[in-house]
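*Asks:* Below is the sequence, then the predicted model.
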Amino acid sequence: MLKFGLWWVRWDKDTGTYESRMTVGSRKATVGDFKERDFDRIVVLSGEGRGIKYSGRGYGNGYMDGLHFAHWVLSEILGNVKYYITIPFSDKSGNLRDNPANGFNGSYWAGWIDGVLNVYDPRRIGFYWSYESCLQATINDPAVKVLGISDKEQYKEAYIQFIEDMSNYIHNHGLELIWIPATGGRGVTYLRKGAFDGILKIGGYFDYVFVQPNYYEYPECIEYINDTKQQFPYSYEKLVEKIRFIHEELTEAARKQNPHTTVSIEMEADSAVLPDQCGHCALCEYKNKQCVKCDNEGCLERACDYYRAIMEVNPNAFSTRAYYFGTDLRVVDKVRGRCPGW
């Protein structure tokens, strides 16, 4: 079983450098801490790019930003570990770093990849496409609104071509491309519809697709029944249904595009599983967008439900997984203490 752990970083404009956000309690985390928890590979990222330095659009800016980031990763993430480096999609304000409809060649993202590749590191085995929306490559892609696109269908086709070209470019360098799309509170009937099935459309361009069930974070599940949206509690049964959909339908669709694509899920938890701490669990209470308290025991059980659901769908499913656990590796210890198979 391969386990991918997410390593979060951020740009500090005051010091003009990056810093790791990963800890083990009050101590700064190391590669050794990841390996002690059986993580085989690390994904170095900062959300969709909000914590990554952005110098402006265009190939040249992307090249310098990628070069700078790759140098930092080389000097800060020490140890014998294979890793993937992010391709930042947006800036700290949520604006796109370039326009995918203009093509991959000459884009900020092409420059970023070349900048990273200019820094030799045999541990680096690929890139992570950081745009999480499962609606990308559909007419409902949120990027359409951000860019002010009027012809949604044309943008969709151009976007799919962009992903294909980026994938080919990375693969031609002997590297892998991975993606961790978020499904949010969308149920299976929602994800099946042609206007929302971005994972089905582009999943085959990636070597690994780790789908986020987002059950841990979302209390409600939206289904699309008789062309109308209907809302239900995001129950354990709904989680099982989504995991079965990922294991069977999504896997089959992706492999029709590319028989070598591995489709799996992201296991999810955060600091809300720790005593007296807050996080982004569905069982947390917020006031003015700030977490004030969480049902820590309930959140721990909700995290363990991922493992239980996998066992119910197919005990042999998802031997390769990605893991989101916030920034404190004690979360991993806490969840596995309750459900060792997580």
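*Replies:* Here it is on my side, so go on. Residues are numbered from 1 along each chain as shown.

*Asks:* any residues touching stretch 123-130, and which ones?
*Replies:* 41, 43-45, 47-49, 70, 73, 80-89, 113, 116, 163, 166, 170, 175-180, 206-207 (CB atoms under 8 Å, 6 or more residues apart in numbering). Bear in mind the C-beta positions are built from the backbone N, C-alpha and C, glycine included.

*Asks:* That stretch: how far from the chain's middle?
*Replies:* Relative to its chain's centre, stretch 123-130 lies at 12 Å (CA atoms, centre = their mean, to the nearest Å).

*Asks:* what's the burial count for Trp72?
*Replies:* The number of residues packed near Trp72 is 19, by other CB atoms under 10 Å.

*Asks:* Not counting sequence-adjacent ones, nearest residue to it?
*Replies:* Once flanking residues are discounted, Trp72 sits nearest to Tyr18: 4.7 Å by CB to CB, 6 or more residues apart in numbering.

*Asks:* which element is that neighbour on?
*Replies:* The secondary structure element spanning Tyr18 is strand 17-20 (assigned by DSSP states H and E).

*Asks:* Could you pull up the mean pLDDT of whichever helix or strand comes after that strand?
*Replies:* Past strand 17-20, further along toward the C-terminus, the next helix or strand under DSSP H and E is strand 23-24. Confidence for strand 23-24, expressed as mean pLDDT, is 98.

*Asks:* Show me what whichever helix or strand comes after strand 23-24 is in contact with.
*Replies:* Once strand 23-24 ends, the next helix or strand along the chain (criterion: DSSP H and E) is strand 27-28. Identification of contacts with strand 27-28 by CB under 8 Å, 6+ apart yields 20, 22.

*Asks:* For Arg27, grab the count of nearby residues.
*Replies:* For Arg27, the number of neighbouring residues by other CB under 10 Å comes to 11.

*Asks:* rewinding a little: which among the contacts of stretch 123-130 end up buried?
*Replies:* For the contacts of stretch 123-130, burial is judged from neighbour counts taken by 16 or more other CB atoms under 10 Å, and it is met by 41, 43-45, 47-49, 70, 73, 81, 83-89, 113, 116, 163, 166, 170, 175-180, 206-207.

*Asks:* List the ones among those residues that fall in helices.
*Replies:* Among those, the members falling in helices are 70, 73, 113, 116, 163, 166, 170 (criterion: DSSP state H).
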